[in-house]
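> starting from these lines, generate the structure:
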Amino acid sequence: MNANGQSIVEEETELLQTQVAELTQVEMAEEAEDYDSESESECGYVCKICGFDMSEIDLMRRIRHVKLCGQKFGVRPQDMGEVEQAETIVRRLEKKEEPPDVVAIMMKSSAGKEETSVAAIERSNVFDVLMRGSKTAAVLNSRKRPVPFKFTRKAIQRRRLLYPDFKCIQGTDPPFIVDGFQYACKENSSIYFLTHFHSDHYGGLTKNFDCGIIYCNEITAKLVVQELGVQSKYVHPVGMNTPVLVADVQVTFMDANHCPGSAIILFRLKDGKTYLHTGDFRFNRRMLEYHALQPHIPTGNETIDHNGKIVGLQRLDGVYLDTTYCDPKYTFPTQQVAIDHALELVDKHIRQEKVLYLFGSYTIGKERLFMEIARKFQKKVCVSKAKLKIIETFGWPSEEIQLLTTEPAATNLHVVRMQDLQMDNLTVLLAKHRLRFRQIVAFRPTGWTFSGKNPRSISTCCTDPSGKIHVYGIPYSEHSSFAELCDFVQVVNPVSIIPTVNCSNKRKATNQVNALRQVAFHNISILFKQQQKQIKQQLKELKEEQKQYQSNEAHGTTHADNDGDRPDEFSSLQAHAGGGYCT
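Here you go, the predicted model:
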């Protein structure tokens, strides 16, 4: 190639490079001007949070998707603004770093605006979407997010400082908190009592408990360590009917006739005041024989001094009373009557073939019902492994433990949870075991089922349409009925009654106490009313005789043997009547 040809090529190359440079500047200017609108249309189809391609869904669904992602990942609107700004910077840096492609620019220039729009659409491919999502996540992760508020132990302790009065024994220092572990903290007290192992009483007690010492009986102590994981160094078992000294207060645990391990607790303070906490209890007259309660139970040999006080009797200064059924409508039979009725119902169905018997129970409680039936019919009872593990802490004799099994196929007597005794659940259960059982007879032992409206039976019965499932509501309760509460109050007659159930405000507590005292001493008031009625009748008769006497005296027919007798009797009766009204 000659010199002229070489110079021509160099000139064309220089001209081409000049054109490329000019086109590059124009292209970059156009992209800079159209960046906002282009990125908006492109990114509007991709979720900035999760990178999901939203090109196939409408606008409302895109908005809904972004809102849900924001709620799920905790992204705020201001976060998205910062991400948008970061992406803009990243894109511009990428565009500056990329060297201009001469061929692409020339082809794009020759193809025109139509080719440009197609290329812009093709840039939004799957890879770009994923990369954009990763960039967004990187920016979000690099930000220091505000830590959401958590209920720390200090916050819980501040909240726990306000414990109700019925959770604390009056006059104790440090306060003796009973069944109030949701208020447990070192600022409140270091002495805690647990009456029995039911969740509404140990609520708030966890394996992290370190606020002090928990006093309870041996069965409850085993369950607290075994089931809740509380460290044994914080649990102090106390023997039953054995006084112990706790911070200068004599404490005695006695059986509450509620569930295994339940106890009523007598507190005898240093100043001589005594308080009884019943926890949850089912009162019967045998409790009056407890040795620790003897000084507080009237024997009938007491005398009354001139001030009206009973001599020789130490009245309880207060009773923290289980008022679960503190309403006259809750009157149900004794536990033994309920058990005998359940035995009759089982005997009624026992002659039928392929019958599955189910007994509702709690984590702990209602064991007496199904154990009585097992002993009567000499059948094993199937319980869950968790239930058996709990029962083994009760200290039952070996012959009773032998009546229990964890093999469902070994017996047709099964213990289930109370919530499992729903008709829908039983229908599914019968269908599942239709080859083995034809009927289900279930027992729901609770005092809430008793209405007293049916004079023929103390239980209720619910039957499915097929007649193959029978659910009996047995009025077997481990709480005192209203009549039993009144009997307890009448016998013990404490100075004050502090309700511990359904007493969220002072008005409810006052109504419960008034109902108990009015009904408990109803018979005494009836005697007063009868005495007053008799005295009024005698006064009326005497007034008539006095009028007759005065009339006869006016006519000179007064008898000597009547002088001075009637007026004195009238005066004495009038004084007696006045005393009766005051009483």
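> count of neighbours near residue 228?
Around residue 228 there are 15 other residues, counting by other Cβ atoms under 10 Å. Heads up, the C-betas are built off the backbone N, CA and C, glycines and all.
> let me redo that: residue 461
12.
> can you pull the contacts of it?
470-473 (Cβ atoms under 8 Å, 6 or more residues apart in numbering).
> helices - which of these land there?
Among the contacts of residue 461, no member falls in helices (DSSP state H).
> tabulate the residues you listed (a markdown table), appending pLDDT, distance to residue 548 and neighbour count.
Below are the contacts of residue 461 laid out as a markdown table (pLDDT from 0 to 100; distance: Cβ to Cβ, whole Å; neighbours: other Cβ atoms under 10 Å):
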| residue | pLDDT | distance to residue 548 | neighbour count |
| --- | --- | --- | --- |
| 470 | 96 | 73 | 19 |
| 471 | 95 | 72 | 21 |
| 472 | 94 | 69 | 21 |
| 473 | 93 | 66 | 22 |
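> Throw those residues into CSV and include distance to residue 492, thanks.
Converted to CSV, the contacts of residue 461 look like this (distance: Cβ to Cβ, whole Å):
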residue, distance to residue 492
470, 41
471, 38
472, 35
473, 31
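> which pair of those spans the longest distance?
Spatial extent of the contacts of residue 461 (Cβ to Cβ) is set by the pair 470 and 473 at 10.9 Å.
> mean confidence for stretch 418-428?
Averaged over stretch 418-428, pLDDT sits at 94.
> first vs last residue of that stretch, how far apart are they?
This stretch, stretch 418-428, spans 16 Å end to end (Cα to Cα, to the nearest Å).
> still on that earlier bit, now, among the contacts of residue 461, which is nearest to residue 294?
Using Cβ to Cβ, the contacts of residue 461 come closest to residue 294 at residue 473, 38.4 Å.
> correct me, but that closest one touches residue 442?
No - the criterion here is Cβ atoms under 8 Å, and residue 473 misses it with residue 442 at 9.7 Å.
> residue 427 and residue 266: what is the separation?
Using Cβ to Cβ, to the nearest Å, residue 427 is found at 49 Å from residue 266.
> of those two, which one has the most company?
Higher neighbour count among residue 427 and residue 266: residue 266, with 20 against 16, using other Cβ under 10 Å.
> quick one: the more buried one from residue 246, how far?
Applying Cβ to Cβ, the value for residue 266 to residue 246 is 12 Å.
> pop the domain breakdown of this structure in here.
Following automatic domain parsing, the chain resolves into domains at 28-142, 154-321, 335-474, 524-582.
> which one of those has the poorest average confidence?
Note on these: lowest mean pLDDT is at domain 524-582, with a mean of 52.
> OK, contacts around the residue lying closest to residue 390 once chain neighbours are set aside?
Excluding its sequence neighbours, the residue lying closest to residue 390 (Cβ to Cβ, 6 or more residues apart in numbering) is residue 364, at 5.9 Å. Each residue near residue 364 by Cβ under 8 Å, 6+ apart is listed here: 196-198, 223, 259-261, 390.
> can you confirm residue 364 is in a strand?
No - secondary structure of residue 364 (DSSP: H, G, I helix; E, B strand; the rest coil): coil, not part of a strand.
> that one and residue 459: what is the separation?
For residue 364, the distance to residue 459 (Cβ to Cβ) stands at 24 Å.
> ok, residue 223 next?
31 Å.
> tell me which helix or strand residue 507 sits in.
If you go by DSSP states H and E, residue 507 is part of helix 506-520.
> pLDDT on that helix, on average?
Mean predicted confidence for helix 506-520 is 91.
> cool, and stretch 477-489?
94.
> in it, what's buried?
Of the residues in stretch 477-489, 477-489 count as buried by neighbour count, 16 or more other Cβ atoms under 10 Å.
> over to stretch 170-190?
For stretch 170-190, by 16+ other Cβ under 10 Å, it's 170-172, 175-181, 183-185, 188-189.
> got it, and stretch 271-289?
Within stretch 271-289, the residues that count as buried by 16+ other Cβ under 10 Å are 273-283, 287.
> now the end-to-end length of that stretch.
25 Å.
> just to revisit the earlier point, I'd like the distance between the residue nearest to residue 390 and residue 500.
For residue 364, the distance to residue 500 (Cβ to Cβ) stands at 19 Å.
> quick check: phi and psi at residue 251.
phi -120, psi 130 (degrees, to the nearest 10).
> look up the closest residue to it, ignoring the ones flanking it.
residue 244 (5.4 Å).
> surely the one you found and residue 250 touch.
Yes - contact criterion Cβ under 8 Å: residue 244 and residue 250 qualify, at 7.5 Å.
> hmm, residue 273 is touching residue 172, no?
No - taking contacts as Cβ under 8 Å, residue 273 lies outside contact range of residue 172: 10.1 Å.
> hey, C-alpha coordinates of stretch 321-338 in CSV?
Taking C-alpha atoms only, stretch 321-338 is exported to CSV below (Å, rounded to 0.1, in the frame of the first residue of the first chain):
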residue,chain,number,x,y,z
LEU,A,321,-60.9,-18.6,100.5
ASP,A,322,-61.3,-20.5,97.3
THR,A,323,-64.4,-18.9,95.8
THR,A,324,-64.6,-20.7,92.5
TYR,A,325,-68.2,-21.7,93.1
CYS,A,326,-69.2,-18.8,95.3
ASP,A,327,-72.7,-18.5,93.9
PRO,A,328,-76.0,-20.1,95.2
LYS,A,329,-76.6,-21.7,91.8
TYR,A,330,-73.5,-23.9,92.2
THR,A,331,-74.8,-26.6,94.5
PHE,A,332,-73.8,-30.2,93.5
PRO,A,333,-73.5,-33.5,95.3
THR,A,334,-70.6,-34.8,97.2
GLN,A,335,-67.7,-36.5,95.5
GLN,A,336,-68.7,-40.0,96.8
VAL,A,337,-72.2,-39.5,95.4
ALA,A,338,-70.8,-38.5,92.0
